[in-house]
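**Student:** okay, here's the prediction I keep looking at, along with the sequence it came from:
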Amino acid sequence: FPYQEDWQDPRQGRFFWRQQKEEEEKKDAQPKTRFVLEASFTQLGDLQLDGLVTYPEVWLKLRTHQALDTETTAALKLLTTNTLSSLGLTGGLQTETTARFPLDPLSDILKEDPTTLNLQT
């Protein structure tokens, strides 16, 4: 997805999601949706938002390469909790600082089907 941090520099973000596979879904009463959003910002750097939705629960993990300060982390957690609550949902936000993001959805997709992006020669 395209986005702009400022009016001069358009950027490309990535958003992936998948629903729980049918055989897994039979074990659980509620279907699960997993999503990953990736973007890069000038001051914050690269980030990855990993989400798991099992209605009415929404669990988020914000991964960054640069540590967030305590005040920013607390504000993001409070904003997430208040937003979810106002929508009648539960869940929360965790933050993680990591040198490398553990999830790489695009690589996973291409491993399953290299023709997905017509990259096969």
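**Tutor:** Right, received. Where do you want to start?
**Student:** how about Pro56: what's its closest non-neighbour residue?
**Tutor:** Leu89 (4.9 Å; C-beta to C-beta, 6 or more residues apart in numbering). All C-beta spots, glycine's among them, are computed from the backbone N, C-alpha and C.
**Student:** quick check: that neighbour vs Val53, distance?
**Tutor:** Note on Leu89: its distance to Val53, by C-beta to C-beta, to the nearest Å, is 9 Å.
**Student:** more crowded one of those two?
**Tutor:** The neighbour count for Leu89 versus Val53, taken as other C-beta atoms under 10 Å, is higher for Val53 (19 against 14).
**Student:** helix or strand for that one, which one?
**Tutor:** strand 45-54 (DSSP states H and E).
**Student:** Cys60 reaches Leu47, doesn't it?
**Tutor:** That one is not Cys; residue 60 is Leu. No: at 11.6 Å, Leu60 and Leu47 do not qualify as touching, with contact defined as C-beta atoms under 8 Å.
**Student:** right, and the helix or strand after the helix-or-strand element of the chain with minimal mean pLDDT?
**Tutor:** One helix or strand of the chain scores below all others by mean pLDDT, DSSP states H and E: helix 22-25, with a mean of 56. Next in sequence after helix 22-25, counting helices and strands by DSSP H and E, comes strand 33-41.
**Student:** who's in contact with that following strand?
**Tutor:** 3, 5, 11, 13-20, 46-53, 101, 103, 105 (C-beta atoms under 8 Å, 6 or more residues apart in numbering).
**Student:** name the residues of stretch 73-92 that come out as buried.
**Tutor:** Lys77, Thr80, Leu84, Gly91 (16 or more other C-beta atoms under 10 Å).
**Student:** now the second one. Nearest residue, chain neighbours left out?
**Tutor:** With C-beta to C-beta, 6+ apart as the criterion, Thr80 has its nearest non-adjacent residue at 4.0 Å, and that residue is Leu93.
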